[in-house]
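Participant: I need the structure of the sequence given here:
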Amino acid sequence: MKAALYARVSSEKQDTDLSISAQLRNLREYAVNNGHYVVKEFVDEAESGKTADRPAFREMIAMARRQQRPFDLILIWKYSRFARNREDSIVFKTMLRKAGVQVISITEPFEDTPTGRLLEAMIESLDEFYSANLGEEVTRGMRESTSRGFYIASYAPYGYRKVRVSDGGRERPRLDIAPHQAKVVSRIFAEVLEGKGLVEIVKDLNAGGISSPRGKAWGKTTIYQILTNEAYTGTLVWGKTSSRNLPAIRVEHAWPAIIDQKTFEQVHRLLGERAFIKIHPKRVSSNYLLSGLARCGTCGRALLGQDAKGGKFHYYVCGTLLKKGAGSCTTPYINSHRFEDLVIEKIKERILTTENLMELVRLVNEEMDASSGEYRQRLDTVIGDISMVNKRLERLYDALEIGTLRLVDLAPRIQELRNRQEQLQMARMELETLLSDRRVELADIHTITSYVEDLRNLLQEGTLAERKSFIKSFIKEIKVNGSVAELSYTIPLFKGQPQESVAVPHIVQYGGV
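Facilitator: Okay, the predicted model is just below:
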């Protein structure tokens, strides 16, 4: 039977089974000893068996479901290599059985009978239990450590340092105050209570040459994370987002406090009154059409959407300017509506024209025809090789029939040619499938014109997500340098030039319409 081999390891540290090379070696030996011919090997390295989202695994399942499947069985080292999730295992094995493909573990064999399938289910259930139980044991140990006030996270919060303390013959980490950093933390909380905004605090810290937690310049996000971290009151909070739906652990007075509870609550209340500063631009979907495309040509940061005057005015602002305040970047505020209208008109003018559409159709069809020609060339070569192998086999069979040569002498050569014949037949099937798919994909001018006509309407009337997607399919980047914006297109315009410079309308330093 034609067989595929599948091998997987989850990680060097955690996997107690054989390495990839050892698994493959044993699988190959099993295939030879049982008369199976290996047509393909699939390998997933450092991939978890608890999920089916494994590249080689997905490719193997897709090939097995083809109408002309290239193999009849899949050999694995253990059932846990196939899946440790019982539901995934049932779904994929049922799918493979319907396609006529059998899954065989070479170290946990079973017969394809009701009794055999029961044994297989028992083995898989044990594997899944082991995986789940190991996770529970690790979680239990971590919860036990944190409930006793030990700090198990990788890095200490800014203002603290990790120290090792003795615990029954072992050393475990706790937090202790880092005096210099603790003064900065106290200053940040005090300045918020004095009424200072986050941008002002950022500017003061950077102007004073004080290093941030990562040794770089301070930003609003870093300040906000400090102001909302209960660790500075001496409170340990762990497991707020437990995947096992376990309650969070909270331990007060786990280490020395830098900020008293009253101060922390007052600051927390003030931040609630300034709710807008809680939202980091990268964590929310922007309501601005060019977000993710527009960048500052001066410092390279993204241009972010910003409302002003209670939402009456809307601008694109350099991320540096927005984060660190006035003077940090020279790029001015850009009126969002006029900027977006400019880009939309340029797309209509430069891309959605009859001439460009005709050229686009021609390029697409040429590219597909070129691919088809390449596949056809390869297919012709494969067909020629198959014919040559068949002729060689016929000559060997003739030699056997008339007694010119003995079977014992010809058997190895015949087997070699038969293997080559099967490999070529598989290559032929794959190329014929690719050619068939390519013929379906070829587009005519009428089809693409109708499609783009729909996109013209979508550009004006579609939802924000649809319009964003449309623009990003044609524009790679928009870089603003002073009063000029450089549009980089994803398709070449004007005989191969992919860029165009245009004047940005109505730029202001602050406010305005």
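Participant: Show me this protein divided up by domain.
Facilitator: As assigned by automatic domain parsing, the chain contains the domains 2-142, 160-278, 369-441.
Participant: Residue 486: which of those domains is closest?
Facilitator: domain 160-278 (27.0 Å; C-beta to C-beta). Where you see a C-beta, it was placed from the backbone N, CA and C, and this is true even at glycine.
Participant: What is the distance between the closest one and the centre of its chain?
Facilitator: A distance of 31 Å separates the centroid of the chain from that of domain 160-278, by C-alpha atoms, centre = their mean, to the nearest Å.
Participant: tell me the mean pLDDT for it?
Facilitator: Mean per-residue pLDDT for domain 160-278: 85.
Participant: now stretch 328-348
Facilitator: If you average the pLDDT over stretch 328-348, you get 84.
Participant: would you turn the domains of the chain into JSON lines with mean neighbour count and distance to residue 339?
Facilitator: Shown next, in JSON lines, are the domains of the chain (neighbours: other C-beta atoms under 10 Å; distance: least, C-beta to C-beta, whole Å):
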{"stretch": "domain 2-142", "mean neighbour count": "16", "distance to residue 339": "39"}
{"stretch": "domain 160-278", "mean neighbour count": "15", "distance to residue 339": "22"}
{"stretch": "domain 369-441", "mean neighbour count": "13", "distance to residue 339": "36"}
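Participant: Of the ones you listed, which is nearest residue 503?
Facilitator: domain 160-278 (30.2 Å).
Participant: Name the SS class of residue 215, please.
Facilitator: Taken by DSSP: H, G, I helix; E, B strand; the rest coil, the conformation at residue 215 corresponds to coil.
Participant: Can you tell me how far it is from residue 204?
Facilitator: Using C-beta to C-beta, to the nearest Å, residue 215 is found at 18 Å from residue 204.
Participant: May I see the domains of the chain organised as a markdown table, with distance to residue 153 added?
Facilitator: Below are these laid out as a markdown table (distance: least, C-beta to C-beta, whole Å):
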| stretch | distance to residue 153 |
| --- | --- |
| domain 2-142 | 10 |
| domain 160-278 | 8 |
| domain 369-441 | 50 |
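Participant: looking at those, which is closest to residue 334?
Facilitator: Among the domains of the chain, domain 160-278 comes nearest to residue 334, with 19.5 Å by C-beta to C-beta.
Participant: and of the domains of the chain, who's closest to residue 149?
Facilitator: domain 160-278 (3.9 Å).
Participant: where along the stretch 201-350 of the chain do the strands fall?
Facilitator: With DSSP state E, counting those that start in this stretch, the ranges of strands along the stretch 201-350 of the chain come out as 236-238, 249-251, 294-296, 303-308, 313-318, 333-335.
Participant: so what strands line up beside the first one?
Facilitator: Looking back up the chat, that one is strand 236-238. Paired strands of strand 236-238, with direction, are strand 249-251 (antiparallel) (DSSP bridges).
Participant: Give me the residues contacting the strand it pairs with.
Facilitator: The contact list for strand 249-251 (C-beta atoms under 8 Å, 6 or more residues apart in numbering) reads 143, 146, 147, 148, 149, 235, 236, 237, 238, 239.
Participant: redo that, cut-off 10 Å
Facilitator: For strand 249-251, contacts defined as C-beta atoms under 10 Å, 6 or more residues apart in numbering pick out 142-150, 230, 234-240, 242.
Participant: Let's see which of the residues you listed end up in helices.
Facilitator: With helices taken from DSSP state H, the overlap with these comprises 142, 143, 144, 145, 146, 147.
Participant: Among the residues you listed, name the buried ones.
Facilitator: 143, 145, 146 (16 or more other C-beta atoms under 10 Å).
Participant: For the closest residue to the second one other than its chain neighbours, give its distance to residue 255.
Facilitator: This means residue 145. Sequence neighbours aside, residue 152 is the residue nearest to residue 145 in space, at 5.5 Å (criterion: C-beta to C-beta, 6 or more residues apart in numbering). Shown here: residue 152 relative to residue 255, a distance of 13 Å by C-beta to C-beta.
Participant: Mind listing the shared neighbours of the two?
Facilitator: residue 236.
Participant: lowest confidence element among the helices and strands of this protein?
Facilitator: Of all the helices and strands that make up the chain, strand 507-508 has the lowest average by mean pLDDT, DSSP states H and E, namely a mean of 54.
Participant: and residue 269, what does it touch?
Facilitator: So residue 269 contacts nothing (C-beta under 10 Å, 6+ apart).
Participant: Please shift the residue numbers so they start at 173 in all later answers.
Facilitator: All right, first residue 173 from here; so that's residue 441.
Participant: what's the pLDDT at the residue nearest to residue 317?
Facilitator: 80.
Participant: How about residue 239?
Facilitator: With respect to pLDDT, residue 239 has a value of 79.
Participant: ok, it touching residue 271?
Facilitator: Yes - with contacts counted by C-beta atoms under 10 Å, residue 239 reaches residue 271, the gap being 9.4 Å.
Participant: with the ones in helices among the contacts of strand 421-423 in mind, which one is nearest to residue 599?
Facilitator: Set against residue 599, the nearest of the ones in helices among the contacts of strand 421-423 by C-beta to C-beta is residue 314 (51.6 Å).
Participant: Now do the SS call for the spatially closest residue to the closest one that is not a sequence neighbour.
Facilitator: Excluding the flanking residues, the one nearest residue 314 by C-beta to C-beta, 6+ apart is residue 324, at 5.8 Å. At residue 324, secondary structure determined by three-state DSSP is coil.
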